[in-house]
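S.K.: the sequence and its predicted three-dimensional model are supplied below.
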Amino acid sequence: MPNAKPATTHAINDPLVEWFIAVLDPIKGNFIKLVTICSVTILLLALARGLLMFLMRQTIIVMSRHIEYDQKNEVFAHYQLLDTNFYKTHSTGDMMNRITEDVSRVRSYTGPAIMYLINLLSLIAFCVINMVRKDPLLTLYVLAPLPILAATIYIVNQIIYKKSEKIQSLLSDLTTNAQESYSGIRVIKSFVQEKAMFGFFEKNSVDYKNNAIGLAKVESIYFPSMALMIGLSTLITILIGGVQALHDTTKVGVIVEFVIYINMLQFPVSAIGWVASMIQRASASQKRLNEFLQTEPSIADKGKAIEHVKGDIVFKDVDFIYPHTGIHAIKKFSLTIKTGEKVLILGKTGSGKSTIAQLLLRFYDAQKGDITIGKVPLQSYSIKNLREQISYVPQDVFLFSDTVANNISFGLEAANHPQEIISKAARQASVENEIMQFAEGYETMVGERGVTLSGGQKQRLSIARGLIKQPEIVVFDDCLSAVDTATENTIISNLYQYLEDKTAIIITHRIFTLLHFDNIVVLEDGKITEQGTHNELMMKNGYYAELYKMQTVQAHTE
Ligand SMILES: Nc1ncnc2c1ncn2[C@@H]1O[C@H](COP(=O)(O)OP(=O)(O)OP(=O)(O)O)[C@@H](O)[C@H]1O
């Protein structure tokens, strides 16, 4: 092309590059010195890049860990605030997901997503601005496939996300399946159901495997197709740039520079889709967390801090329906328990005995009627004070994975429970001898990683936990069901002294002949059917008298 003229006589460089060239100008002739200075400069720039990257990770990722820590604590604290009804209407898996999965998704936004977003936006801006400055037309051609690439990556990411979610839920089914098989191993073996259990596990396992393979296939298409698109851009650069160079409308150096920019763009463009789906997931998780954090406990703590929960307990026309099941558990229930009285609440299973204890502790609020202690409505006490001053031993025992001593002294300040007090409670609950037989005594670990206690031992530890408190009111909910008659008699004789100055409500479906009760209440279907002292009820010849006779006959024949 004889008439062709070069398009530019001088390359457009950054002022910084121009300055660097000017600095090097005097040593242009000394090749060794020139190469050494350039190499050291590149090395220093690489070091500076590393240092800045380190500082960026330090700042952003560390900040995201702090946010995660705060958020986990906030979610956990809110769980503690919520009432029993919330726990009845939400599954454990759902609650665990919020504190683990949702919080960690939000962290992936406040940490990696923000970091990569800043990174990729600045890198894209840097590359594109420089490319446009060099050759706007070539830039347009070269960048044309990249938006398609970003959109494709976004769509593929969505598919990967959906598949991962499915895999996650299959994995949780598989874990639950395995966990139930371990904890129910005795039932499985005694019903010879090992094969059936393996069948369930295998079915879940096959589902999980098929989905995981599906995900691996999508992922294996993902990276090669990304490389293909980038390769296409490079090819377009060389093709169009080459044609332009032949027509002298661009320089070969510009084509080389473009190829470098395209390679630099590979990471940001492929990360756009990934970051976008990370932001989308974090936003869904944060929405779920917000909804949860805004859930108000239905048992509101409006009460002023009335120090002493003391006086007669009065239930007046109380009606209660469990909100989530609609079961009408208590109907027009009226009962007065004077300070210091010992009351036995007796009834068949499902008659509403435990519900009365739950209402007294304000695990639920009754829909109709009033419950007062010392003429003060329960709602006027602060929940903390109310529960601190009622010692409640529930029907279903729960022990923490901790030492025997810590399980007994649960909820008490460390200074308030020296070893003698713990031992005294264990003695009263008739469990000390067995504790002393463990290799580490009171320091023995119980629960999953510790010794396995019998049902009766667990119940007595739970009783000891109730006895160590020095409350005004004591509620024992069928907590002697798993101990033999001799141990039961020992515990009841110990209780005699302990209960002397306390108001006590003993819930049971058996009669305790050793303990004198001021009032015995028989419940049936949420209503009181009989009420009075032992002698009065024996004279009535109703349910109580029948049960008493049956029990005494049984005791004689044993
Ligand atoms: N948390 C709950 N949610 C919904 N319904 C419940 C709940 N607890 C108990 N119920 C229902 O309320 C009724 C009374 O139950 P409650 O536990 O008070 O009986 P109980 O007399 O203590 O029985 P048991 O002697 O078997 O413990 C039952 O029909 C039971 O199914």
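M.R.: Good, I have the coordinates.
S.K.: what mean pLDDT does stretch 265-277 have?
M.R.: The pLDDT scores in stretch 265-277 average 79.
S.K.: give me the low-pLDDT residue ranges for the stretch 151-300 of the chain?
M.R.: Within the stretch 151-300 of the chain, not a single segment meets pLDDT under 70.
S.K.: check which helix or strand covers Gln280.
M.R.: helix 252-293 (DSSP states H and E).
S.K.: all strands of this structure, in order?
M.R.: Counting by DSSP state E, the chain has strands at residues 313-321, 328-337, 342-347, 368-373, 376-377, 390-393, 473-477, 503-508, 519-524, 527-532.
S.K.: figure out which of the ones you listed is closest to Phe400.
M.R.: Checking the strands of the chain against Phe400 by Cβ to Cβ gives strand 390-393 as the closest, at 15.5 Å. Using the backbone N, CA and C atoms, a C-beta is placed for each residue, glycine as well.
S.K.: show me what the closest one is packed up against.
M.R.: helix 455-467, strand 473-477 (3 or more Cβ pairs under 8 Å, 6 or more residues apart in numbering; DSSP states H and E).
S.K.: next, the angle from the longest one to strand 473-477.
M.R.: By that I understand helix 455-467. With axes from the mean of the first three to the mean of the last three Cα atoms, to 10 degrees applied, the angle from helix 455-467 to strand 473-477 works out at 170 degrees.
S.K.: what lies in contact with helix 455-467?
M.R.: Identification of contacts with helix 455-467 by Cβ atoms under 8 Å, 6 or more residues apart in numbering yields 391-394, 397-399, 404, 407-411, 422, 425-426, 428-431, 434, 446, 453, 474, 476, 479-484, 487, 491, 498.
S.K.: before we move on, what about stretch 14-33?
M.R.: Contacts of stretch 14-33 (Cβ under 8 Å, 6+ apart): 13, 34, 37-38, 41.
S.K.: what's the closest of those to the ligand?
M.R.: Thr41 (73.0 Å; Cβ to the nearest ligand atom).
S.K.: identify the residue nearest that closest one in space, chain neighbours excluded?
M.R.: Phe20 (7.6 Å; Cβ to Cβ, 6 or more residues apart in numbering).
S.K.: check that neighbour and give its pLDDT.
M.R.: pLDDT, Phe20: 86.
S.K.: what parts of the stretch 301-450 of the chain come near the ligand?
M.R.: Along the stretch 301-450 of the chain, the residues adjacent to the ligand under the rule Cβ under 6 Å from any ligand atom are 322, 325, 327, 329, 347, 349-355, 395.
S.K.: among those residues, which are located in helices?
M.R.: Secondary structure assignment by DSSP state H places 353-355 of these in helices.
S.K.: in JSON lines, list these along with neighbour count and pLDDT.
M.R.: As requested, these are exported to JSON lines (neighbours: other Cβ atoms under 10 Å; pLDDT from 0 to 100):
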{"residue": "Lys353", "neighbour count": "24", "pLDDT": "92"}
{"residue": "Ser354", "neighbour count": "20", "pLDDT": "92"}
{"residue": "Thr355", "neighbour count": "23", "pLDDT": "93"}
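S.K.: hmm, back to that, got a markdown table for the helices and strands packed on strand 390-393, with mean neighbour count too?
M.R.: Shown next, in a markdown table, are these (neighbours: other Cβ atoms under 10 Å):
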| stretch | mean neighbour count |
| --- | --- |
| helix 455-467 | 23 |
| strand 473-477 | 23 |
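S.K.: which of the ones you listed sits closest to the ligand?
M.R.: strand 473-477 (7.2 Å).
S.K.: CA atoms only for that closest one, dumped as CSV, please.
M.R.: Extracted C-alpha coordinates of strand 473-477, given in CSV (Å, rounded to 0.1, in the frame of the first residue of the first chain):
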residue,chain,number,x,y,z
ILE,A,473,-43.7,-21.9,94.6
VAL,A,474,-42.8,-25.4,93.5
VAL,A,475,-44.4,-27.2,90.5
PHE,A,476,-43.6,-30.9,90.0
ASP,A,477,-45.0,-32.2,86.8
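S.K.: residue in the stretch 51-200 of the chain nearest to the ligand?
M.R.: Lys88 (5.3 Å).
S.K.: near the residue nearest to that residue when sequence neighbours are not counted, how many other residues are there?
M.R.: Nearest non-adjacent residue to Lys88, counting by Cβ to Cβ, 6+ apart: His324, 5.7 Å away. Look at His324: counted by other Cβ atoms under 10 Å, it has 10 neighbours.
S.K.: my guess is His324 contacts Asn85, does it?
M.R.: Yes: counting by Cβ atoms under 8 Å, His324 touches Asn85, with 6.5 Å between them.
S.K.: would JSON lines of the ones in helices among the residues of the stretch 301-450 of the chain next to the ligand with distance to Ser205 be doable?
M.R.: Output for those, formatted as JSON lines (distance: Cβ to Cβ, whole Å):
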{"residue": "Lys353", "distance to Ser205": "44"}
{"residue": "Ser354", "distance to Ser205": "40"}
{"residue": "Thr355", "distance to Ser205": "42"}
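S.K.: so which of the residues you listed is the closest to Glu194?
M.R.: Ser354 (36.0 Å).
S.K.: how far away is Pro272 from Thr513?
M.R.: Actually, residue 272 is Ile rather than Pro. 78 Å (Cβ to Cβ, to the nearest Å).
S.K.: who's more crowded, these two?
M.R.: Ile272 (22 against 13).
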